[in-house]
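In: with the sequence up front, the predicted model follows.
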Amino acid sequence: MATKIIYFTVNGRPEQAEFPVDCPAQDVKDLFRAAAEAGPHDILKLLQSLEKKILLEAGETPTIVYEIKNQVELFREKLEMYGLIWLTDLRSKIDNIDLLIMLTSAVCHDLDHTGYNNAYQINARTELALRYNDISPLENHHCAVAFEILEKKESNIFRNLTTEQYKRIREGMIKCILATDMTRHNEILNKFKSILPVFDFTNKDHKDVLMMIMIKVSDISNEARPMDVAEPWLDCLLQEFFNQSDMEKLEGLPVTPFMDRDKVTKPSSQTGFIRFVLFPLFIELANLFPCLEQHIIDPVRKALDYYTEMEKALEKKQNRTQNEKMGKAKEMTQDTAKEPEVQSEQQQTSNQNFSKPGGALKPIVL
Ligand SMILES: Nc1nc2c(ncn2[C@@H]2O[C@@H]3COP(=O)(O)O[C@H]3[C@H]2O)c(=O)[nH]1
Ligand SMILES: [Zn+2]
């Protein structure tokens with residue numbers, strides 16, 4: 001199917017997506033704008049038509065793909081999951097209920113996010129931490145909110161399914177959404193690595209781990225998107241990080257190091273995240289689906305180069321500023337050393353203070 005890229009903005013943020021060539025650009029733009037203003041109820045209502053399509057047109061044609069794409073791409077945040085399903089041709093390997101679980105989980109997995117992570121919730125003893133006994137408070141909350149919405153008659157997109165099917169979807173969604181707690185990252189990744197050599201799509205345990213890995217990948221795959229889309233999103237994320245660490249400092253709580261504005265910069269945050277989190281995860285998924293290499297590994301490699309260069313440039317700039325400061329301090333102290341006779345009594349006292357341990361400067365003897 002021939003496609004084209006449509007560029008647009010949502011709430012001032014640049015976005016882009018691939019569509020069939022005959023898709024009218026203006027319609028897509030309006031659709032995305034409407035979606036950006038939509039609340040969780042609207043989102044689930046829109047998913048309803050996706051569910052119908054999955055159930056009614058199981059042996060789909062490119063049209064249904066387009067439908068799914070349209071429905072899911074409305075929610076920029078999680079269009080990555082659709083992309084992964086499409087690129088890996090997962091529709092030929094797992095059934096429609098599993099696809100529905102993955103897509104719905106991707107849309108719902110961050111519902112009602114507070115902007116403060118689990119560490120904060122637990123340390124600040126928030127209502128969520130108390131309610132969920134410090135066990136993945138946020139993810140438990142996102143999932144509970146999703147099902148609260150789904151229980152409502154007007155937004156229950158699963159109402160036409162059998163009790164058995166609903167049970168399976170609920171179990172699957174809970175598993176997927178809880179898997180997005182990053183403190184479980186190594187546990188889930190290690191499980192996946194251990195089954196990879198014998199991976200079997202018909203084995204339920206294997207499939208469950210794969211679904212968890214897929215939602216994790218789509219959750220943290222911002223850097224796999226084009227740089228001009230990924231960077232503004234990252235700026236917002238860092239803003240959220242700094243906001244949390246500022247609050248932790250203000251409230252006397254342990255400060256989350258990777259969120260501390262005094263310790264991390266944009267490039268240092270990304271080079272670390274790409275090396276230690278993204279690559280190890282993405283590489284394993286690409287081991288199962290080699291076709292993903294060009295879509296998730298290559299762009300992330302580019303992002304790593306980009307942020308490595310930015311980090312070097314920043315370090316150079318910081319060194320230069322520091323040298324300049326030291327140079328100025330030296331000049332000042334030399335000037336001070338040249339004018340001993342005209343010092344007032346007060347100046348003499350303050351110079352003595354500088355020489356004391358803890359004084360701001362140690363001039364003259366420099
Ligand atoms: N530094 C960094 N962290 C990220 C990036 N993408 C996702 N994350 C983190 O991974 C977390 C996944 O769960 P959340 O969405 O709650 O919060 C996310 C961020 O804390 C990224 O590009 N850079
Ligand atoms: Zn999340």
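Out: Structure received. Numbers count the residues shown, from 1 in each chain. Ligands and ions are numbered 1, 2, ... in the order given.

In: so stretch 240-252, near ligand 1 or not?
Out: No - figure legend: stretch 240-252 not in contact with ligand 1 (C-beta under 6 Å from any ligand atom); closest approach 7.2 Å. C-betas here are computed from N, CA, C, even on glycine.

In: can I get stretch 206-213 in PDB? Just the C-alpha atoms.
Out: Presented in PDB, the C-alpha positions along stretch 206-213 are these (Å, rounded to 0.1, in the frame of the first residue of the first chain):
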ATOM      1  CA  HIS A 206       5.800 -17.100  26.200                       C
ATOM      2  CA  LYS A 207       3.100 -15.000  24.600                       C
ATOM      3  CA  ASP A 208       2.300 -13.200  27.900                       C
ATOM      4  CA  VAL A 209       5.900 -12.200  28.300                       C
ATOM      5  CA  LEU A 210       6.100 -11.000  24.800                       C
ATOM      6  CA  MET A 211       3.000  -8.900  25.300                       C
ATOM      7  CA  MET A 212       4.600  -7.300  28.400                       C
ATOM      8  CA  ILE A 213       7.800  -6.700  26.400                       C
END
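
In: what's the mean pLDDT across it?
Out: Confidence over stretch 206-213 (mean pLDDT, whole number) is 97.

In: how about the residues of the stretch 151-300 of the chain near ligand 2?
Out: residue 180 (C-beta under 5 Å from the ion).

In: so, low pLDDT: which residues of the stretch 151-300 of the chain?
Out: Filtered on pLDDT under 70, the stretch 151-300 of the chain yields no residues whatsoever.

In: residue of it nearest ligand 2, please.
Out: The minimum distance from the stretch 151-300 of the chain to ligand 2, using C-beta to the ion, falls at residue 180 (4.6 Å).

In: so that residue, which of the three states?
Out: Following DSSP: H, G, I helix; E, B strand; the rest coil, residue 180 is assigned to coil.

In: number of residues surrounding it?
Out: Neighbour count for residue 180, taken as other C-beta atoms under 10 Å: 24.

In: quick one, phi psi at it?
Out: phi -80, psi 0 (degrees, to the nearest 10).

In: tell me where the stretch 101-250 of the chain has strands.
Out: Counting by DSSP state E, counting those that start in this stretch, the stretch 101-250 of the chain has no strands at all.

In: what parts of it come near ligand 1?
Out: Residues of the stretch 101-250 of the chain lying near ligand 1 (C-beta under 6 Å from any ligand atom): 110, 180, 182, 219-220, 222-223, 234, 237.

In: among the residues you listed, which are in helices?
Out: 219, 234, 237 (DSSP state H).

In: out of the residues you listed, who has the most neighbours?
Out: In those, the most neighbours by other C-beta under 10 Å go to residue 219, 21 neighbours.

In: wait, that residue touches residue 181, no?
Out: No - in this structure, residue 219 is not within contact of residue 181 by C-beta atoms under 8 Å, at 10.3 Å.
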